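Engineer: predicted model follows, preceded by the sequence.
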Amino acid sequence: MSARSLQVTPGPGCTEFLLWSFNSSLGRLHGSFRWTGWQCEVSALSGEQALSVYPPLVTKEGRRIASGSRTRCPVSEIYDLNVIHFPKQPNG
């Protein structure tokens with residue numbers, strides 16, 4: 001969408017998004033959220049698991065992920081918490 005004309009303008013498609021996702025640009029985007037040993041920790045997760053991180057990454061304290069808590073959780077729990085529960089909070 002163009003901010004000046006408020007008309008939809010063509011942009012990158014699915015192919016471009018996938019190419020971007022699987023090249024080194026993704027590593028630069030998420031580099032600050034990696035810690036020593038992250039590859040071993042993440043590779044031990046099943047396809048139905050993710051890491052629950054505390055303090056949350058969106059907080060100032062959460063930016064130091066290496067010193068925070070990282071716990072294996074089912075993806076469904078993390079989804080429910082972030083998409084269903086948190087948005088219903090008074091300041092969410």
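Structural biologist: Arrived safely. Numbering: from 1, shown residues only.

Engineer: what about the closest residue to residue 52 other than its chain neighbours, neighbour count?
Structural biologist: Closest residue to residue 52 apart from its sequence neighbours, by Cβ to Cβ, 6 or more residues apart in numbering: residue 73 at 4.3 Å. Any C-beta I mention is one placed from the backbone N, CA and C, and that applies to glycine too. Residue 73 has 16 neighbours, counted by other Cβ atoms under 10 Å.

Engineer: wait, doesn't residue 73 sit right on residue 48?
Structural biologist: No: the pair residue 73 and residue 48 fails to qualify as a contact (Cβ atoms under 8 Å) at a distance of 9.9 Å.

Engineer: what sits against residue 78?
Structural biologist: 50, 52 (Cβ atoms under 8 Å, 6 or more residues apart in numbering).

Engineer: only C-alpha atoms, please: export the strand or helix carrying it in CSV.
Structural biologist: In this assignment (DSSP states H and E), residue 78 forms part of helix 75-79. What follows is helix 75-79, C-alpha atoms only, in CSV (Å, rounded to 0.1, in the frame of the first residue of the first chain):
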residue,chain,number,x,y,z
VAL,A,75,4.0,-24.6,20.5
SER,A,76,0.2,-24.6,21.2
GLU,A,77,0.8,-23.2,24.7
ILE,A,78,3.0,-20.4,23.4
TYR,A,79,0.4,-19.6,20.7
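
Engineer: so how far is the helix ranked longest in the chain off the chain centroid?
Structural biologist: Scanning the chain for the helix with the most residues, using DSSP state H, yields helix 14-21. Distance of helix 14-21 from its chain centroid, counting by Cα atoms, centre = their mean, to the nearest Å, is 17 Å.

Engineer: what comes up buried for it?
Structural biologist: Residues of helix 14-21 include none that count as buried (16 or more other Cβ atoms under 10 Å).

Engineer: neighbouring contacts of stretch 42-61?
Structural biologist: Residues outside stretch 42-61 that contact it (Cβ under 8 Å, 6+ apart): 33, 41, 62-63, 65, 68-78.

Engineer: make a PyMOL selection of the buried ones in these.
Structural biologist: Typed into PyMOL, the line below selects the buried ones among the contacts of stretch 42-61, using 16+ other Cβ under 10 Å:
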select buried, resi 65+68+73
